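> just to be clear, the model below is a prediction. Sequence and coordinates:
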Amino acid sequence: MRIPEPSPLMEDLDQCRAYNRYASDPTTLQEYVQLYKKLVGIKHGTVIDLGSGSCNFIVSLAIAFPYLKFVCYEVSEAMIELAYKNIKNFNLSDRI
């Protein structure tokens with residue numbers, strides 16, 4: 001399970017890229033989807049995510065739950081840049 005970083009905000013693009021690589025780990029993403037299924041389980045509707053980072057976890061949920069839409073909030077401009085790329089890579093701009 002992922003433990004949030006102690007620093008309040010990642011602004012450095014290199015630091016954000018390193019996080020994005022970590023958050024792209026298939027095993028970690030699968031564990032996250034399984035935990036969502038167990039604890040939340042919503043399959044239709046809209047999910048709001050605060051502190052979305054690079055949106056790796058949200059992309060995984062969007063793939064696993066094709067009837068969900070997502071509204072994501074992130075304040076780090078570097079993370080937002082990576083999130084847009086991740087969302088675009090999976091053609092999910094219409095749902096995230």
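Structure received.

> where does the protein dip in pLDDT?
1-8 (pLDDT under 70).

> so which residue is smack in the middle of it?
Cys55 (2.5 Å; Cα atoms, centre = their mean).

> so which strand or helix has the nearest residue to Ala64 once chain neighbours are set aside?
Of all residues not flanking Ala64 in the chain, Val33 sits nearest, at 4.8 Å (Cβ to Cβ, 6 or more residues apart in numbering). All C-beta spots, glycine's among them, are computed from the backbone N, C-alpha and C. Element membership of Val33, judged by DSSP states H and E, is helix 26-39.

> and that helix, what does it pack against?
helix 56-64 (3 or more Cβ pairs under 8 Å, 6 or more residues apart in numbering; DSSP states H and E).

> ranges for the strands of this protein?
45-50, 68-73 (DSSP state E).

> which of those is buried the deepest?
strand 68-73 (a mean of 15; mean count of other Cβ atoms under 10 Å).

> ok, and what's touching that strand?
The contact list for strand 68-73, computed with Cβ atoms under 8 Å, 6 or more residues apart in numbering, reads 42-52, 55, 58, 61-62, 83, 95-96.

> if we use 10 Å, what do you get?
Strand 68-73 is contacted by residues 36, 42-53, 55, 57-59, 61-62, 80, 83, 87, 92, 94-96 when judged by Cβ atoms under 10 Å, 6 or more residues apart in numbering.

> quick one: residues contacting Asn20.
Contacts of Asn20 by Cβ under 10 Å, 6+ apart are Gly53, Ser54, Cys55, Asn56, Ala78, Met79, Leu82, Ala83, Lys85, Asn86.

> at 6 Å what do you get?
Ser54, Leu82 (Cβ atoms under 6 Å, 6 or more residues apart in numbering).

> quick one: it from Ile48, how far?
Counting by Cβ to Cβ, to the nearest Å, the gap from Asn20 to Ile48 is 21 Å.

> do Ala23 as well
With Cβ to Cβ as the criterion, Ala23 and Ile48 are 19 Å apart.

> got it, and Phe70?
Taking Cβ to Cβ, one finds Phe70 at 8 Å from Ile48.
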